[in-house]
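Novice: Whatever this is, show me its structure:
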Amino acid sequence: MEGQQIAATPPGTGILVVEDSPTQAAHLQYILEKNSYHVSTAGNGREALAVLAGQRPAVVISDIVMPEMDGYELCRTIKADPRYRDIPVILLTSLADPLDVIRGLECGADHFITKPYSEEYLLSRITNIQLAEEQPVPAETPTKTEIFFECRKFSISSNQRQSLNLLLSTYEAAMQKNRELSKARDELNELNIRLEAANRKLAAANRELEAFNYTVSHDLRSPLTGISGYCQILTEICGDRLDADCAGYVQGIAGAARRMDELITTILSFSRIARSELRRETVNLSDIAKAVAAQLRMSAPHRQVMFTIAEGAMVSGDMRLLRVVMDNLLGNAWKYTEKREPASIEFGVSESHGGRVCYVRDNGIGFDMSEADKLFAPFQRLTTTEEFEGHGIGLATVQRIIERHGGHVWAESEPGKGAVFYFTLPDVTTDRT
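Specialist: Numbering: from 1, shown residues only. Coordinates of the predicted model:
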């Protein structure tokens, strides 16, 4: 490069950016050009030296970690060349190790800028460097100093201004990091205060919910108990004096009271599931599915239903709550296949949506997917299911349990073609032997 002409650039506005990341280089170039700097770019140290051969920037800003020639070696090469050694070199670094500072001194760097940096901080450093360069300084021979750090010897050759600038920029970066940490600490304290307030509100809400549950359980059930009791007395004492219509009315009242009591039980169970603590363990969903299927068969031994249950579906979760999931999903399949001969219900595990997914499939009445938004909403009934008994709370309970386990539940169906309910749980495995 000896004897080559250096192209002139506007004083104080030419900056060479050396950065192997195109995204970082483009971001830095945008900031500088927006503030009227002329910017050249290079992807590593060797490319930067080629650029220097054709132009003389006012400042070189270089990343440290780069292929072929890193920022330290680039800086060392620049400072060793009489034509370029007075060009200020700024190294972009994370300053994660004290060795960074020593290596910066060793290669003759003028300043550090710590990543990530703000636009204001970057521009202020460049301005300060340019102002310092405009100040006349007496000729100074670099002093060679040997220091030891981590049992290694480093030879540092730099003038006093370079050393002072580098140490000051390092101190400034440390102070900036300290300010950021102080700000983060203050934000964390504020967040903790808000979290404590939220916890107090949650505790108050839980107490109110407990009071509500007590009211529902006792104050509402007491009148129902009285209604059911009076209906029984009327039937036993006055049964022979009641005509068919009156007897029917009494039975209707008793049935309504019984359904109201079931609804109260359902609401209380749904509330408890939302607040109960998860007790995680390894759970065999296949065994639970078999137990539920056996119980369903006993409830209606006249029905012809073929159950297909995959072996060894192991998950991590709360066994008690996962039993509720299987009770509801298999119970729904049992209910909505009542008019199918033969009925078919399957529990299995498949590869879907990028992972292992459990499912319950049936050949029942199905539903229209346009109503799918109602499936998991409490107390919502689909058009195709209105003739069947239920309170519309089972699938909402399933969704709440699955989501509390960190999973997801969804369904696919067509009217008259059955339905498939999918759900994900942690650590789903199966025995494929």
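
Novice: CA only for contacts and neighbour counts going forward, please
Specialist: OK.

Novice: So which bits of the helix or strand hosting residue 72 are buried?
Specialist: Assigned by DSSP states H and E, residue 72 belongs to helix 71-80. For helix 71-80, burial by neighbour count (16 or more other C-alpha atoms under 10 Å) applies to 71, 72, 73, 74, 75, 76, 77, 78, 79.

Novice: other SSEs contacting that helix?
Specialist: Applying 3 or more C-alpha pairs under 8 Å, 6 or more residues apart in numbering; DSSP states H and E, we find helix 71-80 packed against helix 45-52, helix 98-107.

Novice: Can you give me the distance of residue 126 to residue 119?
Specialist: 11 Å (C-alpha to C-alpha, to the nearest Å).

Novice: Of these two, which one has the most company?
Specialist: Neighbour totals were compared for residue 126 and residue 119, and residue 126 leads with 20 against 11 (other C-alpha atoms under 10 Å).

Novice: Skipping its backbone neighbours, what lies nearest the more buried one in space?
Specialist: Nearest in space to residue 126, with sequence neighbours left out and distances taken as C-alpha to C-alpha, 6 or more residues apart in numbering, is residue 59 at 7.9 Å.

Novice: isn't that neighbour right up against residue 88?
Specialist: Yes - under the criterion of C-alpha atoms under 8 Å, residue 59 makes contact with residue 88 at 5.2 Å.

Novice: who's more crowded, these two?
Specialist: Remark: of residue 59 and residue 88, residue 88 carries more neighbours, 24 against 21, as counted by other C-alpha under 10 Å.

Novice: Give me the phi and psi for the more buried one.
Specialist: Here is the backbone geometry of residue 88 (degrees, to the nearest 10): phi -60, psi 140.

Novice: which secondary structure elements does the longest strand seen in the chain contact?
Specialist: Ranked by residue count, the top strand of the chain under DSSP state E comes out as strand 343-352. Strand 343-352 sits against strand 305-309, helix 319-336, strand 355-362, with contacts defined as 3+ C-alpha pairs under 8 Å, 6+ apart.

Novice: quick check: mean pLDDT across the second one?
Specialist: What it means is helix 319-336. In this model, helix 319-336 has an average pLDDT of 90.

Novice: And for that helix, what's in contact with it?
Specialist: The contact list for helix 319-336 (C-alpha atoms under 8 Å, 6 or more residues apart in numbering) reads 273, 279-281, 283, 285, 288-289, 292-293, 296, 345, 360-362, 364-366, 385, 388, 394-395, 397-398, 401-402, 421.

Novice: Kindly calculate the angle that the helix holding residue 72 makes with helix 98-107.
Specialist: For helix 71-80 and helix 98-107, the angle between their directions (axes from the mean of the first three to the mean of the last three C-alpha atoms, to 10 degrees) works out to 20 degrees.

Novice: quick one: average pLDDT of helix 71-80?
Specialist: So the average pLDDT for helix 71-80 ends up being 90.

Novice: C-terminal to it, what's the next element?
Specialist: Counting by DSSP H and E, the next helix or strand C-terminal to helix 71-80 is strand 89-93.

Novice: In JSON lines, list the helices and strands packed on strand 343-352 along with distance to residue 17 and mean neighbour count.
Specialist: JSON lines is the format used below for the helices and strands packed on strand 343-352 (distance: least, C-alpha to C-alpha, whole Å; neighbours: other C-alpha atoms under 10 Å):
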{"stretch": "strand 305-309", "distance to residue 17": "64", "mean neighbour count": "17"}
{"stretch": "helix 319-336", "distance to residue 17": "59", "mean neighbour count": "20"}
{"stretch": "strand 355-362", "distance to residue 17": "44", "mean neighbour count": "20"}
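
Novice: Output these as TSV; include the columns distance to residue 220.
Specialist: Formatted as TSV, the helices and strands packed on strand 343-352 follow (distance: least, C-alpha to C-alpha, whole Å):
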stretch	distance to residue 220
strand 305-309	39
helix 319-336	25
strand 355-362	36
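
Novice: Residue 49: which of these is closest?
Specialist: Among the helices and strands packed on strand 343-352, strand 355-362 comes nearest to residue 49, with 50.3 Å by C-alpha to C-alpha.

Novice: Select only the buried ones of the contacts of helix 319-336 in ChimeraX?
Specialist: Selecting only the buried entries of the contacts of helix 319-336 in ChimeraX, with 16+ other C-alpha under 10 Å as the criterion:
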select :273,283,285,288,289,292,293,296,345,360,361,362,364,365,366,394,395,397,398,401,402,421
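
Novice: what about residue 249, how many neighbours?
Specialist: 12.

Novice: That one in helix, strand or coil?
Specialist: Secondary structure state of residue 249, per DSSP: H, G, I helix; E, B strand; the rest coil, is helix.
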